[in-house]
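Novice: take this sequence and fold it.
(3 chains)
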Amino acid sequence: MTSVLAYSGRRLLAAAFVVWAAFTVSFVILYALPSDPVQMMLARGGDASLDESAVQAVRHEYGFDRPVIVQYFARLGAAVTGDLGTSMQTGRSVLVSIGDALPQTLALAGLALAIAIVVALLVSWAATLAPFAVLRELALGLPPLGRAVPSFWLGLVLLQIFAFQLGWFPATGNTGWRSLVLPAVNLSVPVAVVLAQVMIQSFRSTWTAPFVEVLRAKGLRQFRIQVRHIMRHSLAPTLTVLGVVTGAMLAGSIVTETVFSRSGVGQLTQQAVTSQDLPVIQGVVVLSAVVFSVVNLAVDLVHPLIDPRVLSRPLGRRRPVAV
Amino acid sequence: MTGDVTSAEEARPEPEPDDTGRFRPARRGSRRLSFRLDVWTAVLSFAIVLVVLCWIVLPGLFASGSPITAVPHDRLLEPSWAHLFGTDSLGRDLFTRVVHGARTSLSAAGLAVAIGLVIGSVTGIVCGFFGGRLDAVVMRVVDVLLAIPDLLLAMALVAALGFGTVQVGVAVGVSSIASFARLSRSEARRVSASTYVEAARVGGVRPSGVLWRHVLRGSLGPVLALGALEIGSAILAVAALSFLGYGTPPPTPEWGTLISDGRNYISSAWWLTVLPGLVIMLLVLSVNRLSRLLDRQIGVRR
Amino acid sequence: MITQTRAARRPARVRTRLAAVAASAAAIALLAACGSGSTAGSSTSSSAAAPVAGGTYVHAIEGLVTCLDGAQQANHWNLNVIRQLVDSLVDVDPDTGEIVPWIAESWDISDDASEFTFHLVDGATFSDGTAIDADAVVANFARIAKLGAQASGASPWFSDYKDSEAVDASTVKVTFSRPNAQFLEAVANSWFGLISPADLKVKTPEQLCAGDYAGSGPFVLDNLVENQEVDLVKRTGYDSPSSLAKHEGDAYLDKLVFKEVTESSVRAGLVTSGEANSASAIAWQDEQTVAASGSLLTANQPGITETWIVNQESWLYDDEPVRQAIKYAINSQEVIDTVYGPTFSPRSSVITKTTPGYTDLSADLAFDPDKANQLLDADGWAKGSDGVRTKNGTRLSVNVIAVTTDLEILQQQLAAVGIEYKIRQLDGASYGEAQKSGDYDIIAWTMTRADPSVLAAAFASGDGALSWANAKPSDFDDVLATLQSTVDQTKRAEIAAAAQKYLIENAWAIPIVDRAWTYGLAKTSQGLRLDGETRLVFYDTSVSK
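Specialist: The predicted model follows:
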């Protein structure tokens, strides 16, 4: 039992570190690099006059006149209590803006993940276990194709065909499940590619594993072996990439929500970068780190349930190398 | 962009298709089929990459006329023999713009890969070789950078640096440093642990000499292979950022901007969005295909 | 004292101009109907079935809603939304230009146009039940005065306001320290829309911007989703429609949704697919598809044309040859042929043809690149190897802030005479920021207002919130002030003509094109009309099957 607690404790600490480090990295990028957010922000407000004293006053109000180190700790302190600053563009709390935008993106990501899993399973099966070589070659060619297609272009093509020409789905908007389908399909492509690659590797290596030979010797039907055993054993490696996959979906939502004019975290980010709204951008980066950590934490906690051997291994990198 | 998760696995040779055929009679047809396909796709990819490289160097050879001069009475013409890709809303030949845009978009992608490759692999090799606290600290930072999605990191950099082709290239490059660092570090560690490097160390060769002559050379292969793969995702990332509006301002053609300009004409002039995107896709497919070929060569030599 | 009732105030010339608006709208609608072969009805109310009450109506607007308080902003699509929430004292007939009664059933203006007395109708109420009486109107004017420069929508028309008093329960007298001839027409706009005094007393300007008030209009704010949509619902018990309205009592629509859609193709797609009943700003390339499935409603925009205004604080204002060269380098017809389509008209003055007081200055606005080149050569700007002119090592480069879609063709026209223009692609929000920063040589701007006093808003010196030209005090201020204070219409037109001539001859304002607003209507949209300031009015609108 203590090993489980120690394991969880260590993972929690690692997750906290990642979030803190992401906060720091984004602070360095956004605030320590040369730029003048004050001018931009002042111009947004209703101030008719932009004299030097007004500029200084606002600089002071936002703390830009303090040394960088002091700013850093002030912001960090605020962030720990949940205050991620206020948007320079709208004046609303960053946390609230992100919180408002999150449900839309979650719905989109959820459907995209579901589609991606189904598609990846189908493609992986076709690429490895299908009886016809032609089918296998074709299916094997799909992940590289999915990797090469520009996501924003695919979204526009989907829009053109299914929304404008065929009229099956609405071209924009956030209401109803029908407006969710095309964006979810668009977002699912890069995710499906990643999952398919992992699954194909896993199917191949599992197919040749000794226990499968035993099962065949016992006389189990091919299909049953495939589904119950091989696919289940691919669960673990699939789970390990889940953290990166959710990150990919967050990034992908930026493009997808822009193309389909949907509201959500992605659109929020795109507008924030266009108007150089630094607090919002930092908030989204921290969010991505939080999501990544939470998902990996969840995966790490679930992993021992699937494979108890994990607990006894030293706490090194068990994720794929380039992750 | 987002597709680089298992790039290291991709960098290693794939298991041969025959592994799955254990309980099926090995069909000679299937092997010949996949071989022929391999050769043809490699040749085609090579041809496409060559053509696009020529676009960068000698655009005038492929597309006469100006990519920026508006010709109002030719606006929004469908693709035809006179205008291979049709014309845009200002009457400019779209194919000409795509050809000239190759230079802008691909130089940004090239810059990105150069930055990622050089800075990332130097960091990784140094850490892998020397190990110790330096390694621990730097790799922690790399881990964090890997926790943030590439596109998001690039966008944060763009927000700080400003908009433009160079800035986009730098942003994409910096966001790819982490993957290069990781891979080159593990390669450096592998090479450093090998016997001949140990022998060099024991034999009195200075650490810098060992680093330069042995570790670097040994790690270079897989790193270059990753670099080749990264070109494809750099092209996509640069296109995405310029699509979102962070690239070079008009009238200079840039692939991502060409597609976003076409958004307003999505139902009236389909060629404005579809054709440039098709070019990007074919190029990235070809680059990825060639990088896998390169990778297999390197894997064989190891 | 001149007593004004429903008698026409505008000279006949203006009446014909505004009649041209209605004619062109009908012509476009007919053309669209012929082109599609369908019997898509005229753009105003359907002659067929009687309007059916109830239903939800969706209209797609072209920008993001930033403020719902008319006094505080002058943005065209915001005003289209605000028009449904607040009533005005008077209304303007779009066909004749006549001022007609609304909340004020009659009015008196002093001879020198410095005192305006409004006689209010009985029984008009705000949505919180308070009566729209003289005290309420006084409270509205007082708060606008108090806002000062922050009231960027109302303050340009409100200068020299002295005070207002409630003479009795239904009579309001507004006094100005100087004559304010355009005030009566200004009051018809939503800038002076009436808001319940209870809210004016306690709500901050930010809250009012968020729509948190009880208005006087036929709709009330139900829900505001930032950057997405604004939902209005019918106000039950509304009974103060304009005299131009086609019915009385509550509005027909139960719910009115404004969807904020910045992509023109998506807006058009929403109308053609039927997801929206109408949409603003239909682009040229989508006009055919929209007309085929519904109809188009086009109106020429009154007021300042799409104009490049030179910032007086920039170097460009001190370099007259360059300004003049820019003026002659621009080919208005080519811009129309390339970007906007035939609903737009070539430039001929700094205010549009349909604005009262317009004068034709197209002789000085002809496309003449040779003249531009001559001027620049004479001024010492030599063409460099890359085509851009230089003088003493400085490149001839202009910094323009604009959100229009014609920038690339204009860039090319300037490049043809050796002027470099680096396009800064701005969206609505960053354009606003750039405006306020004052960091530009030229600002591309336009303003809808059916009165020549719009020139004062843009070009008068002082702290007026709309003076993007950063004008320094000069004799021109006197000209503009006289424009504001002259009551006699003929004299006013003369002064307006002189003002336009000054602006064009000095190339302080460089017009580009005369804009036309094109709205796309689906077949289900009935009764949508434009008021005299070309704003949308949904009061008589209904949804048909």
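
Novice: separation between residue A:279 and residue A:180?
Specialist: Computed as Cβ to Cβ, to the nearest Å, the residue A:279 to residue A:180 distance reads 29 Å. C-betas here are computed from N, CA, C, even on glycine.

Novice: now do the buried residues in the helix or strand hosting residue A:24.
Specialist: Take DSSP states H and E as the rule and residue A:24 turns out to sit in helix A:2-27. For helix A:2-27, the neighbour count (16 or more other Cβ atoms under 10 Å in any protein chain shown) marks A:7, A:11, A:14-15, A:18-23, A:25-27 as buried.

Novice: how about the nearest residue to whichever residue of the stretch 1-150 of chain B sits closest to chain C, chain neighbours excluded?
Specialist: Closest approach between the stretch 1-150 of chain B and chain C, counting by Cβ to the nearest Cβ: residue B:72, at 4.1 Å. Take residue B:72 and drop its neighbours on the chain: the residue closest to it by Cβ to Cβ, 6 or more residues apart in numbering or on different chains is residue C:338, 4.1 Å away.

Novice: report the separation between that neighbour and residue C:518.
Specialist: 17 Å.

Novice: ok, residue C:160 next?
Specialist: 37 Å.

Novice: could you check which of these two is surrounded by more residues?
Specialist: Between residue C:160 and residue C:518, counted using other Cβ atoms under 10 Å in any protein chain shown, the more crowded position is residue C:518 (24 against 15).

Novice: doesn't that one belong to a strand?
Specialist: Yes - checked against DSSP: H, G, I helix; E, B strand; the rest coil, residue C:518 lies within a strand.

Novice: wouldn't it be in contact with residue C:282 here?
Specialist: Yes - using Cβ atoms under 8 Å, residue C:518 is in contact with residue C:282, at 4.7 Å.

Novice: shared neighbours, the two?
Specialist: residue C:296 (Cβ atoms under 8 Å, 6 or more residues apart in numbering or on different chains).

Novice: which non-adjacent residue is nearest the most centrally placed residue in chain A?
Specialist: Nearest to the geometric centre of chain A sits residue A:247, at 2.1 Å (Cα atoms, centre = their mean). Spatial nearest neighbour of residue A:247, chain neighbours left out: residue B:149 (4.1 Å); criterion: Cβ to Cβ, 6+ apart.

Novice: any part of the helix or strand harbouring residue A:108 near chain B?
Specialist: Using DSSP H and E, residue A:108 sits in helix A:94-128. Yes - contact between helix A:94-128 and chain B, assessed by Cβ under 8 Å from any Cβ of the partner chain, occurs at residue A:128.

Novice: average model confidence for that helix?
Specialist: Mean pLDDT, helix A:94-128: 91.

Novice: just stretch C:323-332 next, same as before
Specialist: 94.

Novice: and the stretch 201-323 of chain A, which residues reach chain C?
Specialist: Checking the stretch 201-323 of chain A against chain C by Cβ under 8 Å from any Cβ, the hits are A:261, A:263, A:267, A:271, A:274-275.

Novice: name the single longest helix found in chain B.
Specialist: Longest helix in chain B, counting residues (DSSP state H): helix B:94-130.

Novice: what packs against it?
Specialist: helix B:28-57, helix B:59-62, helix B:132-147, helix B:165-192, helix B:207-210, helix B:217-243, helix B:255-261, helix B:271-301 (3 or more Cβ pairs under 8 Å, 6 or more residues apart in numbering or on different chains; DSSP states H and E).

Novice: worst mean pLDDT among those helices?
Specialist: helix B:207-210 (a mean of 70).

Novice: tell me the confidence at residue 64?
Specialist: Since you didn't name a chain, this refers to chain A. pLDDT at residue A:64 comes out at 69.

Novice: ah, no, chain B please
Specialist: 81.

Novice: now do the SS call for it.
Specialist: coil.

Novice: now do the contacts for it.
Specialist: Contacts of residue B:64 by Cβ under 8 Å, 6+ apart are residue B:96.

Novice: ditto for residue A:111
Specialist: Residue A:111 touches A:180-181, A:184, A:188, counting by Cβ under 8 Å, 6+ apart.

Novice: among those, which lie within helices?
Specialist: A:180-181, A:184, A:188.

Novice: a markdown table for those residues, including pLDDT, distance to residue B:93 and neighbour count?
Specialist: Conversion of those to a markdown table gives the following (pLDDT from 0 to 100; distance: Cβ to Cβ, whole Å; neighbours: other Cβ atoms under 10 Å in any protein chain shown):
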| residue | pLDDT | distance to residue B:93 | neighbour count |
| --- | --- | --- | --- |
| A:180 | 91 | 38 | 22 |
| A:181 | 93 | 36 | 18 |
| A:184 | 95 | 36 | 22 |
| A:188 | 95 | 36 | 27 |
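
Novice: from those residues, which two are the most distant?
Specialist: A:180 and A:188 (11.5 Å; Cβ to Cβ).

Novice: tell me, how many neighbours does residue C:391 end up with?
Specialist: Neighbours around residue C:391, by other Cβ under 10 Å: 14.

Novice: and it, what is it in contact with?
Specialist: Contacts of residue C:391 by Cβ under 8 Å, 6+ apart are C:379-382.

Novice: out of these, which sit inside helices?
Specialist: Among those, no member falls in helices (DSSP H).

Novice: between those residues, which is nearest chain B?
Specialist: Looking across those and measuring by Cβ to the nearest Cβ, the closest to chain B is residue C:381, at 21.8 Å.

Novice: isn't the closest one up against residue C:393?
Specialist: No - counting by Cβ under 8 Å, residue C:381 stays clear of residue C:393, with 11.8 Å between them.

Novice: who's more crowded, those two?
Specialist: Comparing residue C:381 with residue C:393 by other Cβ under 10 Å, the one with more neighbours is residue C:381, at 25 against 5.

Novice: dump the residue contacts of the more buried one.
Specialist: So residue C:381 contacts C:322, C:389-391, C:396, C:418 (Cβ under 8 Å, 6+ apart).

Novice: try it again at 6 Å.
Specialist: Residues in contact with residue C:381, defined by Cβ atoms under 6 Å, 6 or more residues apart in numbering or on different chains, are C:389, C:391, C:396.

Novice: kindly report the same for residue B:168.
Specialist: B:108, B:238, B:241, B:246-247.

Novice: ends of stretch C:162-175, what's the gap?
Specialist: Distance across stretch C:162-175, first residue to last, is 5 Å (Cα to Cα, to the nearest Å).

Novice: for stretch C:277-291, same thing?
Specialist: Termini of stretch C:277-291 sit 13 Å apart (Cα to Cα).

Novice: residue A:165: how many residues sit nearby?
Specialist: Around residue A:165 there are 12 residues (other Cβ under 10 Å).

Novice: now the residue lying closest to it once chain neighbours are set aside: phi and psi?
Specialist: Leaving aside its sequence neighbours, residue A:165 sits nearest to residue B:267 (Cβ to Cβ, 6+ apart; 7.7 Å). The phi/psi pair for residue B:267 (degrees, to the nearest 10) reads phi -100, psi -10.

Novice: check residue B:267 and give its pLDDT.
Specialist: 80.

Novice: what about it, how many residues nearby?
Specialist: The burial count for residue B:267: 20, using other Cβ under 10 Å.

Novice: from residue B:273, how far off is it?
Specialist: 10 Å.

Novice: cool, residue A:28 as well?
Specialist: 37 Å.

Novice: who touches residue B:280 in this structure?
Specialist: A:150, B:239, B:255.
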